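Trainee: Let's see this in three dimensions:
(one chain, ligands or ions: 1)
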Amino acid sequence: MNIVLLGPPGSGKGTQAKMIAEKYGVVHISTGDILRENVRNGTDLGKEAKTYMDAGKLVPDELLINIIKDRLAKPDVTGGYMLDGYPRTTPQAEAMDKILPELGQKIDVVVNIDVPDDELVKRLSGRRMCKCGVSYHLKFNPPKKEGICDVCGGELYHRDDDKEEAVLNRLEVYKTQTQPLIDYYNKAGIIADINGAGEIPEIFDEIAASLDKL
Ligand code: AP5
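Mentor: Sure thing, here's the model as predicted:
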C-alpha cells in the first residue's frame, strides 16, 4: 500500500504517519525530516534548503523531485510507503506521475487531512520536535518527561519555522501551492477526506477505516 498524506502545516501528518507506519508496516517518508537532517548535517542541500524553510517557503521543486526519486528507488519501499510532505506543488505531483511507472509503483490513496486555520496556529505554536522525527505538543500531546522524547530520549526543540511569521507564510503557501493538489487527486479518484480537527486517536481510527477499505 502506497499512501500520500496531504494537509496543511500542523494538520497532524507527522503524528498520524508514525501511527499508520506502525500499524500497516509501511515506510514513513517525510521530506521535511529529510531536509531537516540535511540542515543538521550541514550538507549542500541542507544549506540551500535552510533559508527557504526558516522563512516558511517551499524548497525549489527540482531539489525535492530528486530527493523523492532517489528515496523511492531504495529497496525498503517494496512493502509500501507513506509520503508525508510530498508532493506539495503541481509540478511535484506531475514529476511523481512520471517517476512511479518507471519504478513499477503507484499511489493507492491520498489521505487529505483538513483542519481549520485557528487550530493549526495553536498546534504549531505549542509543538516541540525531536530530531528522531517524533512531534509533541506542550498541551495536546505532551511527552512523559518534560523536554525529552519518549521514543529515543533526545532533547526536544522548537522548530525555527514554527515562529508566528513563518507559520503565517506556510499557511499561505499551502493555500496557493498545495491545496490545488486536492483537485488534482480528486480527478484521479483516489482522495480520502479526513476531518483532522478531533482527538489524535479518533483521527487515526478514521484514517485506518479508509485504508482498511482498500
Ligand atoms: P514539513 O516538515 O513537511 O512541515 P509541514 O507540512 O508544514 O507540516 P508540519 O510538520 O508542520 O505539520 P504536521 O502536519 O506534520 O503536523 P504534526 O503531526 O507535527 O516541511 C517543513 C518545510 O520543509 C516546509 O515548510 C518546506 O520549506 C520544506 N519542504 C518539505 N517538503 C517539501 C516539498 N515537498 N517541497 C518543497 N519544500 C518542502 O502536528 C503538529 C502539532 O500538533 C504537534 O505538536 C502535534 O503534537 C499536535 N497535534 C497533532 N494532531 C493533533 C490533534 N488531533 N489535536 C491536537 N494536537 C495535535
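Trainee: From the ligand, how far out is the residue nearest to residue 67 when sequence neighbours are not counted?
Mentor: Setting aside the residues directly before and after it, residue 67 is nearest to residue 34 in space (Cβ to Cβ, 6 or more residues apart in numbering), at 5.9 Å. (Each C-beta comes from the backbone N, C-alpha and C, glycine too.) In this view, residue 34 and the ligand are 8 Å apart by Cβ to the nearest ligand atom, to the nearest Å.
Trainee: Next: residue 101.
Mentor: Separation of residue 101 from the ligand (Cβ to the nearest ligand atom) stands at 20 Å.
Trainee: now swap in residue 124 and tell me
Mentor: Residue 124 is 6 Å from the ligand, by Cβ to the nearest ligand atom.
Trainee: Number the chain from 59, please
Mentor: Renumbered: residue one is now 59, and that last one reads residue 182.
Trainee: thinking again about what came up before, can you point out the helix or strand that includes the residue nearest to residue 125?
Mentor: Of the helices and strands defined by DSSP states H and E, residue 92 is found in helix 89-99.
Trainee: right, and the helix or strand after that helix?
Mentor: As assigned by DSSP H and E, the chain's next helix or strand after helix 89-99 is helix 102-112.
Trainee: Show me what counts as buried in the following helix or strand past that following helix.
Mentor: Proceeding N to C from helix 102-112, the next assigned helix or strand is helix 119-130, under DSSP H and E. Neighbour counts over helix 119-130 (16 or more other Cβ atoms under 10 Å) mark 119, 121, 122, 123, 125, 126, 129, 130 as buried.
Trainee: Return the member of those residues nearest to residue 138.
Mentor: Minimum distance to residue 138 across the buried residues of helix 119-130 is 11.7 Å, recorded for residue 130 (Cβ to Cβ).
Trainee: Any figure for the gap between the closest residue to the closest one other than its chain neighbours and the ligand?
Mentor: The spatially closest residue to residue 130, leaving aside those adjacent along the chain, is residue 161, at 5.7 Å (Cβ to Cβ, 6+ apart). Using Cβ to the nearest ligand atom, residue 161 is found at 18 Å from the ligand.
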